[in-house]
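A.B. asks: okay, structure incoming, though there's no sequence with it:
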């Protein structure tokens, strides 16, 4: 898929953050458990990047932000991307799987943990001191 210019709108992630990107299907399936598990850490910002969100998705983001703030001392931010998706299902899967690495570079984040939205955090952690951690 050729994408010469990515246009992003919405929030800018905070200082150190947990970062994910997904489409509407994954967002609706996993966002509640994912965001709640991070909110319970009480010490980590969360940023969700949505690809081609629906109006309903954006409404859900507003609700999730309020729920997150009730539990956590940190913030949930969200950005949006409108992109023409190819007819080829394999190309689409590749874009969805790699988009969180592509769009993260558009934000100035001091520390960033890039994860899948179907992740659940069970214990708190410290961001690594090194420039790159796996």
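C.D. replies: In hand now; what should we look at? The shown structure was predicted, so the numbers you read here are calculated from the model rather than taken from an experiment. Numbering: from 1, shown residues only.

A.B. asks: all the helices of this protein, residue numbers only.
C.D. replies: 24-39, 55-71, 89-103 (DSSP state H).

A.B. asks: could I get those helices as JSON lines with distance to residue 82 and mean neighbour count?
C.D. replies: Backbone N, C-alpha and C define where each C-beta goes, glycine included. Formatted as JSON lines, the helices of the chain follow (distance: least, C-beta to C-beta, whole Å; neighbours: other C-beta atoms under 10 Å):
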{"stretch": "helix 24-39", "distance to residue 82": "12", "mean neighbour count": "18"}
{"stretch": "helix 55-71", "distance to residue 82": "12", "mean neighbour count": "14"}
{"stretch": "helix 89-103", "distance to residue 82": "12", "mean neighbour count": "14"}
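
A.B. asks: so which of those is nearest residue 49?
C.D. replies: helix 89-103 (5.4 Å; C-beta to C-beta).

A.B. asks: tell me the mean pLDDT for that closest one?
C.D. replies: For helix 89-103, the mean per-residue pLDDT is 65.

A.B. asks: one step back: and the helices of the chain: which comes nearest residue 9?
C.D. replies: Set against residue 9 and scored by C-beta to C-beta, the helices of the chain come closest in helix 55-71, at 10.4 Å.
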